[in-house]
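Visitor: Turn this into a structure:
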Amino acid sequence: MSVSFLIPAHNEEKIIAHALRRLAQLRESVPSLQVLVGLDGCTDGTEEIVRGFSFADTVVFRERQGKHQVMEKLVSLARHEIVCVHDADWVFDCSAEEFRKLVTLFADPKCGGLGDWYSTTYTPQRMRENKDLLFLGDAWNTLFLAEFRYRRFVEKRAGKDVVSPNPAYPFFVNFFRKSAIGAQQTLADDAERLYQLQANGFDVLTFEPESRPYFKVCWERIGWMDYFRQRKRGFLAKRQVNQLYGQYKASLAGFYGPLFGYGLSQLPRVHRFKAILGFFWWWVLAGLAMAAAAFSQADTKTGWKLRYRR
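Guide: Residues are numbered from 1 along each chain as shown. Have a look, this model is predicted:
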């Protein structure tokens, strides 16, 4: 059993080589691994860089159609039943041995996907040494969110961690059986997969936050407007998923308030004043983005453009 890695990309010339170099290393131990890159209307040097990695299959889209259409095409071209969606600004930080263990989880026909297995995208070293205010705030809040969701929405079944049915805040699925889901229509394609898999009778497995395999991001800082756009896109995605599935029901009182309280209770672990400031600044920008999203009419195609600019 092997895996097809699917990478949707638009103007990623500064960072996509990092992702492909790591996958090239993994293919030395797992030669059956497939890498598919979908270039969505790139106007920079991304295509030239990708074609320099001969092992990667490249699909070129001349007009920007949005991630959901790129992914639909890539999934249809994937050779393997198990696929992994790999953002262009991630590096797959998982050894060949760990990777094989992940793939064997799909030997259970009930396993439809792995949820939130990449959530903690910042290494402990970066959290100690990075000097960017918002990067630090995002790093710690990402970790606290992973821990909080694990405590609330995970069940133990036969020694495995299984995501509870229809959690109010989803575990994002980027590693899954392609035959077990349909096409995604929203900005929250990874959340859609969770609800589709559960509706189709499959389990979504997850891991304790500290023992998960990780994707690491390629960048060391986050611009304030970049983060605002990204969070706005996230709240737009929540609205779209609610309209289609009636899920993703995280409320201020039922989820975000308790999450903030959990984060406050964990601040003694941080040990850095700048990171604590970043924690609060992260929440301020998230609140502003939520308010902005409430008045936005962006659709899936235009919403994909609300992303980090590197």
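Visitor: hmm, who's touching stretch 172-179?
Guide: Here stretch 172-179 makes contact (C-beta atoms under 8 Å, 6 or more residues apart in numbering) with 3, 75, 78, 81-86, 102, 106, 111-119, 190-191, 193-194, 197, 202, 204. C-beta: built from backbone N, CA, C; applies to glycine.
Visitor: which among those residues end up buried?
Guide: Neighbour counting by 16 or more other C-beta atoms under 10 Å classes 3, 75, 78, 82-86, 102, 106, 111-119, 190-191, 193-194, 197, 202, 204 among these as buried.
Visitor: Keep only those of those that are in helices.
Guide: Mapping these onto helices (DSSP state H) picks out Val75, Leu102, Asp190, Ala191, Arg193, Leu194, Leu197.
Visitor: Which residue ranges of the stretch 101-250 of the chain form helices?
Guide: Using DSSP state H, counting those that start in this stretch, the helices of the stretch 101-250 of the chain run over 124-129, 133-153, 189-199, 224-245.
Visitor: Tell me which residues of the shortest one come out buried.
Guide: Okay, so that is helix 124-129. Under 16+ other C-beta under 10 Å, the buried positions of helix 124-129 are Arg126, Met127.
Visitor: if we can go back for a sec, I'd like the helices of the stretch 101-250 of the chain written out as TSV, with mean pLDDT and distance to Cys42 added.
Guide: TSV is the format used below for the helices of the stretch 101-250 of the chain (pLDDT from 0 to 100; distance: least, C-beta to C-beta, whole Å):
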stretch	mean pLDDT	distance to Cys42
helix 124-129	84	28
helix 133-153	92	26
helix 189-199	91	20
helix 224-245	84	19
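Visitor: for these, which one sits closest to Asp93?
Guide: Between Asp93 and these, the shortest separation by C-beta to C-beta is 11.8 Å, and it involves helix 124-129.
Visitor: So which elements touch that closest one?
Guide: Counting contacts by 3 or more C-beta pairs under 8 Å, 6 or more residues apart in numbering; DSSP states H and E, helix 124-129 packs against helix 133-153.
Visitor: Backbone dihedrals for Leu20, please?
Guide: Backbone dihedrals for Leu20, given as degrees, to the nearest 10, come out at phi -70, psi -30.
Visitor: And the one 10 residues further on, by the same measure?
Guide: Per-residue torsions, Val30: phi -130, psi 80 (degrees, to the nearest 10).
Visitor: is it true that it touches Phe5?
Guide: No: Val30 sits out of contact with Phe5 when judged by C-beta atoms under 8 Å, with a separation of 10.6 Å.
Visitor: quick one, which of the two is more surrounded?
Guide: Phe5 (24 against 14; other C-beta atoms under 10 Å).
Visitor: ok so that one is a strand residue?
Guide: Yes: assessed by DSSP: H, G, I helix; E, B strand; the rest coil, Phe5 belongs to a strand.
Visitor: Distance-wise, check the residue lying farthest from the centre of the chain relative to Asp132.
Guide: Distance to the chain centre peaks in the chain at Phe273, reaching 28.0 Å (criterion: C-alpha atoms, centre = their mean). Distance, Phe273 to Asp132, using C-beta to C-beta, to the nearest Å: 14 Å.
Visitor: show me where pLDDT drops low in the stretch 51-200 of the chain?
Guide: Along the stretch 51-200 of the chain, segments meeting pLDDT under 70 span 117-121.
Visitor: hey, what's Leu36 bridged with?
Guide: Applying DSSP bridges to Leu36 gives these bridge partners: Leu6, Asp57.
Visitor: Tell me who's in contact with it.
Guide: Going by C-beta under 8 Å, 6+ apart, Leu36 touches Ser4, Phe5, Leu6, Ile7, Ala56, Asp57, Val59, Leu74, Leu77, Ala78.
Visitor: Now, of those, which are buried?
Guide: Applying 16+ other C-beta under 10 Å to the contacts of Leu36 flags Ser4, Phe5, Leu6, Ile7, Ala56, Asp57, Leu74, Ala78 as buried.
Visitor: Tabulate these (a markdown table), appending distance to Arg177.
Guide: Putting these into a markdown table (distance: C-beta to C-beta, whole Å) gives the following:
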| residue | distance to Arg177 |
| --- | --- |
| Ser4 | 11 |
| Phe5 | 15 |
| Leu6 | 14 |
| Ile7 | 19 |
| Ala56 | 23 |
| Asp57 | 20 |
| Leu74 | 15 |
| Ala78 | 11 |
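Visitor: Identify the farthest-apart pair in those residues.
Guide: Ala56 and Ala78 (13.1 Å).
Visitor: contacting residues around the spatially closest residue to His68 that is not a sequence neighbour?
Guide: Distances taken as C-beta to C-beta, 6 or more residues apart in numbering place Gln184 nearest to His68, at 5.0 Å, with adjacent residues excluded. The contact partners of Gln184, by C-beta under 8 Å, 6+ apart, come to His68, Met71, Glu72, Glu192, Arg193.
Visitor: Pick out whichever of those sits closest to Gly257.
Guide: Using C-beta to C-beta, the contacts of Gln184 come closest to Gly257 at Glu192, 25.7 Å.
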